[in-house]
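**Q** sequence first, then the predicted structure, then my questions.
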Amino acid sequence: MRIRLAYILFFTLYPIWAAADKPPAHIPSEGWTLVFQQGGIVVQERSIPGSPKKAYRAKGILKAPIEQILEVLSDTTAAAEWMPDLDRQQVVETVSEVELITLSVYAVPFPFADRELLLHNYLRLDRPSGALVAETVSVDQPNVSIARRHVRAHMLYGKTWLRPLGADRTDIEFIIIVDPRGRLPDFLAAFGLRRMPLKFVQALESRAQSTQYPLRPAYRDLLRQLAETGDGKASPYGENVKIHNPGRAHYIHGGQDQPP
C-alpha cells in the first residue's frame, strides 16, 4: 500500500501555495540536496522560501528516443496503461497539438479520497537551455466541477526539460512542487515524493522503448527548431507551427474543504 500511495503522490498531487503565496517564476539551480541515486537517475530536493513544501528534481538519461517520449506523454487514451496508479485521463480542451487541458483521476488507497488533477499542459522550445520544455500547472475551469468524494489536487510548478542525445538517448530533467490538499499528512506526502520521480522516469522510459508512434507535425517542427539552435543547421523535421501562449492558464489559490 505504501508503494501504491507513493505513485499517486507524485503524479496526482501537484502543489499550490496558500492564498497569500505566489507561484515561483524560477527555482535556482543551486541549493539542492541529494535524496538518492539509482540506475543513473539522480533525485534531489530543496526548500522553497516562504513555503513548507519542497521542490523535487530528477535528472538522468533515458534509453529511449525523444520522439517516442513526447508521443507517450501526449497519448491521453493510453496513459492509464503505464502511468503509475492513474485510473483514467480525459481531454477537457484541445487548444493545439502542443497545448491541452486534461483531467486525470488517480485511485488512492483507503482511507484517503481519490485525487483528481485539472491541468494546463504546454510544450515549447526553450532556446537558452537547448531543450523542449513541457510545462504543467493547475488551472481554474468553473465548468469542470470536482467529483463527489474526490480531492482536487494542485500543481503549482511542473517543468520537464527534454534534450535529444542521439537516436535512442534523451536527457531528462524535471522539477515539481506538490500539495496533495485534503488531510493527507505532510510526512506521508514527502515519503512518496522522494521516491516517485524515479518511478515515473523508469515507467516513461520503459513505455517509450516499446512504442512506435508516428511523430506529429507540431513535434517534428519543434525538434527541427531545436536542432537549429544547436548547430545552426536544419534537421529533417517538418514545417513551422504556431505555439500558443501558455499565459491563458491561471493559478488556483485556496479552495474548498475536501475529504482526506
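**A** In hand now; what should we look at? Numbering: from 1, shown residues only.
**Q** so which bits of stretch 206-215 are buried?
**A** Buried residues in stretch 206-215, counting neighbours by 16 or more other CB atoms under 10 Å, are found at Arg207, Ala208, Thr211, Leu215. The way it works is simple: take the backbone N, C-alpha and C, and place the C-beta from them, glycine included.
**Q** hmm, which two among those are most spread apart?
**A** By the measure CB to CB, Arg207 and Leu215 form the most distant pair in the buried residues of stretch 206-215, at 15.9 Å.
**Q** end to end, how far does stretch 167-185 reach?
**A** The first residue of stretch 167-185 is 43 Å away from its last residue (CA to CA, to the nearest Å).
**Q** tell me how many other residues crowd Phe110.
**A** Using other CB atoms under 10 Å, Phe110 has 6 other residues around it.
**Q** tell me the secondary structure for it?
**A** Recorded secondary structure, Phe110: coil (DSSP: H, G, I helix; E, B strand; the rest coil).
**Q** can you check the pLDDT for it?
**A** Looking at Phe110, its pLDDT is 78.
**Q** how close does it get to Gln212?
**A** According to CB to CB, to the nearest Å, Phe110 stands 39 Å off from Gln212.
**Q** put the alpha carbons of stretch 169-177 into PDB.
**A** Provided in PDB are the C-alpha atoms of stretch 169-177 (Å, rounded to 0.1, in the frame of the first residue of the first chain):
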ATOM      1  CA  ARG A 169      19.100   8.600 -25.800                       C
ATOM      2  CA  THR A 170      17.200  11.500 -24.200                       C
ATOM      3  CA  ASP A 171      18.400  13.700 -21.400                       C
ATOM      4  CA  ILE A 172      15.600  14.500 -18.900                       C
ATOM      5  CA  GLU A 173      15.200  16.900 -16.000                       C
ATOM      6  CA  PHE A 174      12.100  17.800 -14.300                       C
ATOM      7  CA  ILE A 175      11.100  19.800 -11.200                       C
ATOM      8  CA  ILE A 176       7.800  19.600  -9.300                       C
ATOM      9  CA  ILE A 177       6.300  21.200  -6.200                       C
END
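**Q** buried set for it?
**A** Within stretch 169-177, judged by 16+ other CB under 10 Å, the buried ones are Thr170, Asp171, Ile172, Glu173, Phe174, Ile175, Ile176, Ile177.
**Q** what separates it from the chain centre, distance-wise?
**A** On the basis of CA atoms, centre = their mean, to the nearest Å, stretch 169-177 sits 9 Å off its chain's mean C-alpha point.
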